[in-house]
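Undergrad: only geometry, no sequence info:
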Ligand SMILES: Nc1ncnc2c1ncn2[C@@H]1O[C@H](COP(=O)(O)OP(=O)(O)OP(=O)(O)O)[C@@H](O)[C@H]1O
């Protein structure tokens, strides 16, 4: 194929390029297509550029039927059928098996960049392979352990199914299990019990399992370590042994290679493990999930945990929600095939609703939804509001937000950013008192008490502006110095990983002079259990033990974090959340304001929640479902 400059294409099609808002990268790709097509080169190049453009908006592919007619017209197509006819004659678009490698693959009536087609197709095959496998278990080995781990309900009239117990049974039976649930539904508790069960059975059979737990970010991995540790302590003593888990990031498990996108572990050098638990799976993008699955040994059991109502990954794809869609996760009645239901009954005594084999997809047999929140009940303020948001019920959500009886949730419709800032700063005094006493433990606890979340970085309700306003108020009150970027108490969040320092994108630190040598200004981070011995040499463990200090001059890219974006808050929880939406929507921002965004922000709150949003913007959020272009659910 010919490779020429982009000048002819870019200058000939300047107007459609502008109207489709194509980037330089899209244009470079389109120029290549333009130079290699024999007919309809302009339209096909613009179509290819659109696929590349949508990839940057996190769509794995573009469904031909979803391209709006006005965009087709800009590209020079008459209709969707015209697109199909022209790509059938093309040299750069082909069905998967027609030619070895064209830049664009057409499958399931969708257009993919070649590499992303490979990721999606191969991940689907890897998942299907695991889903198809059913273990034959010696039920007697499992039954007594499950009875000890899951005490029967104290109130005999309760006929509620213990879905946590069902999840453990299914994960024991299958090589692939998907466990979803909202905040506090007991995902970590369930995993701790599953691991206790698997370890105990393995011990009785005289072998030892290699179990790994991973999460997409360092912060989520550290939180998982903490939660598993707590869940372990609630188990009967006999089952606690072997549950001292060190959770890591997916990147660390796979073995990142400097300046490379691939990893040390892959299909030809698989991971050494028997069981893999992936927490916060909604945050894992398509390429990373593919790489993780391709590095799994074929005998390994994998359990995905997550909340499919949350925002998808910041990168391409929506793997967890696609798998949930294929498993019919939103079906109101979940029933299982006789084989599964009988096995669960033999293991636990629980009777599940049954369906015939034809009515149940194999993937649905591997899926369990945890329904009961043990953190807030369905009739609690936050629980109810979360349910209304998921259902897109604007009137009910507004009623809950406005109810005078609700102390824990409030809607501040006509407030100004300065009001929020003044209220935040009035609560921050005890934080700065702890800083003055060099007490990092108290300072970190107070910092996680109240968090401002914003939909965006920019705008008057964006993180940058709110953080600046807070610092201005702190300067005026004399709490911080106006001439120090790294003033004592500045909370920061990292925007990049630094593997050599053992610091990760999303880690939160507090700036404080080193108590042992106050001329050195450091940012202090909670010592995560994901840290390796190697990284400990490069950072000092403080006498304020449990924290490590890093000279501010060595910090990777970071930002002040009194306010953070909702995206960055995924995987974290706070006592109180102030959630800010922009005052108005624009054509760009409107697409990003979605139910998932609001739900994710709300469910970061453990106790109370204040929403700063105009009625029209809230309405827009509730009406918008964040749907990404993907064919994964169709392939599973
Ligand atoms: N079956 C149960 N009965 C009573 N309490 C429970 C049960 N399961 C979990 N809990 C409690 O509910 C709280 C949340 O549980 P857990 O951390 O396992 O949930 P999660 O779904 O992992 O939460 P997160 O939203 O943090 O991901 C914990 O305090 C736990 O002890």
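TA: Everything's here; your move. Note that the structure is predicted; figures quoted are calculated from it, not measured.
Undergrad: next, count neighbours for whichever residue of the stretch 401-550 of the chain sits closest to the ligand.
TA: Nearest residue of the stretch 401-550 of the chain to the ligand (CB to the nearest ligand atom) works out as residue 448 at 13.3 Å. Placement of C-beta: from N, CA and C, glycine included. Residues near residue 448, counting by other CB atoms under 10 Å, number 15.
Undergrad: do the same with residue 605
TA: What residue 605 shows, counting by other CB under 10 Å, is a neighbour count of 27.
Undergrad: okay, and the beta partners of it?
TA: Legend: beta-bridge partners of residue 605 under DSSP bridges are residue 574.
Undergrad: hang on, isn't it packed against residue 569?
TA: No - using CB atoms under 8 Å, residue 605 is not in contact with residue 569, being 10.1 Å away.
Undergrad: circling back to that earlier point, excluding residues flanking it in the chain, which one is nearest the residue of the stretch 401-550 of the chain closest to the ligand?
TA: Distances taken as CB to CB, 6 or more residues apart in numbering place residue 574 nearest to residue 448, at 5.5 Å, with adjacent residues excluded.
Undergrad: look up how far residue 445 lies from the one you found.
TA: Counting by CB to CB, to the nearest Å, the gap from residue 574 to residue 445 is 11 Å.
Undergrad: higher neighbour count, the two?
TA: Shown here are residue 574 and residue 445; by other CB under 10 Å, residue 574 has more neighbours (20 against 13).
Undergrad: which residues does residue 91 contact?
TA: 1, 36, 37, 38, 102 (CB atoms under 8 Å, 6 or more residues apart in numbering).
Undergrad: check contacts around residue 220.
TA: 279, 280, 283, 506, 570, 571.
Undergrad: just to check, the first one is in contact with residue 305?
TA: Yes - in this structure, residue 279 sits in contact with residue 305. The criterion is CB under 8 Å, and the distance is 4.9 Å.
Undergrad: identify the contacts common to these two.
TA: Joint contacts of residue 279 and residue 305 (CB under 8 Å, 6+ apart) are 187, 188, 191.
Undergrad: those residues: which ones sit near the ligand?
TA: With CB under 6 Å from any ligand atom as the criterion, the shared contacts of residue 279 and residue 305 include 187, 188 near the ligand.
Undergrad: the ligand: which of the contacts of residue 91 is nearest?
TA: Once CB to the nearest ligand atom is applied, the member of the contacts of residue 91 that ends up nearest the ligand is residue 102, at 42.7 Å.
Undergrad: that closest one touches residue 94, doesn't it?
TA: Yes - counting by CB under 8 Å, residue 102 sits close enough to residue 94 to count as a contact (4.2 Å).
Undergrad: intersection of neighbour lists for these two?
TA: The contact sets of residue 102 and residue 94 do not overlap (CB under 8 Å, 6+ apart).
Undergrad: now neighbour count, distance to the ligand and pLDDT too, for the contacts of residue 220, in CSV please.
TA: As requested, the contacts of residue 220 are arranged in CSV below (neighbours: other CB atoms under 10 Å; distance: CB to the nearest ligand atom, whole Å; pLDDT from 0 to 100):
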residue, neighbour count, distance to the ligand, pLDDT
279, 25, 8, 95
280, 26, 8, 93
283, 25, 12, 91
506, 23, 16, 84
570, 25, 11, 85
571, 23, 9, 79
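Undergrad: would JSON lines of those with secondary structure be doable?
TA: Shown next, in JSON lines, are those (DSSP: H, G, I helix; E, B strand; the rest coil):
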{"residue": "279", "secondary structure": "coil"}
{"residue": "280", "secondary structure": "coil"}
{"residue": "283", "secondary structure": "helix"}
{"residue": "506", "secondary structure": "coil"}
{"residue": "570", "secondary structure": "coil"}
{"residue": "571", "secondary structure": "coil"}
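Undergrad: up against the ligand, what does this structure have?
TA: Residues of the chain lying near the ligand (CB under 6 Å from any ligand atom): 164, 181, 183-189, 227, 231, 234, 374-375.
Undergrad: rerun at 8 Å
TA: For the chain, the residues in contact with the ligand (CB under 8 Å from any ligand atom) are 162, 164, 181-192, 223, 227, 230-231, 234, 279, 305, 307, 370, 372-375, 573, 603.
Undergrad: and residue 579, what element?
TA: strand 574-580 (DSSP states H and E).
Undergrad: before we move on, back to that, out of the shared contacts of residue 279 and residue 305, who's the most crowded?
TA: residue 191 (28 neighbours).
Undergrad: buried residues in the longest strand along the chain, which are they?
TA: The longest strand of the chain (DSSP state E) is strand 517-526. Using 16 or more other CB atoms under 10 Å as the burial criterion, the residues of strand 517-526 that qualify are 521, 522, 523, 524, 525, 526.
Undergrad: could I get the residues you listed as TSV with pLDDT?
TA: What follows is those, written out as TSV (pLDDT from 0 to 100):
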residue	pLDDT
521	96
522	96
523	96
524	96
525	92
526	86
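Undergrad: residue 136 - how many residues pack around it?
TA: The tally of other residues near residue 136 (other CB under 10 Å) stands at 7.
Undergrad: so it, which state does it fall into?
TA: coil.
Undergrad: tell me the phi and psi of it?
TA: Here is the backbone geometry of residue 136 (degrees, to the nearest 10): phi -90, psi 120.
Undergrad: repeat that for residue 103.
TA: phi -60, psi -30.
Undergrad: my guess is it contacts residue 94. True?
TA: No - contact criterion CB under 8 Å: residue 103 and residue 94 do not qualify, at 9.3 Å.
Undergrad: okay, and the common contacts of the two?
TA: By CB under 8 Å, 6+ apart, no residue touches both residue 103 and residue 94.
Undergrad: circling back to that earlier point, contacts only, for the residue of the stretch 401-550 of the chain closest to the ligand.
TA: By CB under 8 Å, 6+ apart, the contact list for residue 448 reads 572, 573, 574, 575.
Undergrad: also residue 215?
TA: Per CB under 8 Å, 6+ apart, neighbours of residue 215: 221, 223, 224, 247, 249, 250, 278, 279, 280, 283, 571.
Undergrad: look at the one residue in the stretch 351-500 of the chain that gets nearest to the ligand and report its pLDDT.
TA: Residue nearest to the ligand within the stretch 351-500 of the chain: residue 374 (3.1 Å; CB to the nearest ligand atom). We note a pLDDT of 82 for residue 374 in this prediction.
Undergrad: for it, which non-adjacent residue is spatially closest?
TA: residue 184 (5.3 Å).
Undergrad: how close does that neighbour get to residue 386?
TA: Residue 184 is 11 Å from residue 386, by CB to CB.
Undergrad: more neighbours, these two?
TA: Neighbour totals were compared for residue 184 and residue 386, and residue 386 leads with 24 against 20 (other CB under 10 Å).
Undergrad: next up, identify which helix or strand that one is on.
TA: Judged by DSSP H and E, residue 386 forms part of helix 381-391.
Undergrad: in that helix, what's buried?
TA: In helix 381-391, counting by 16+ other CB under 10 Å, buried: 381, 382, 383, 384, 385, 386, 387, 388, 389, 390.
Undergrad: pick the one among those closest to residue 465.
TA: residue 389 (25.4 Å; CB to CB).
Undergrad: for the closest one, give me its contacts.
TA: 397, 595, 598, 599, 602, 622.
Undergrad: spatially, which two of these are the most separated?
TA: 602 and 622, at 11.9 Å, using CB to CB across these.
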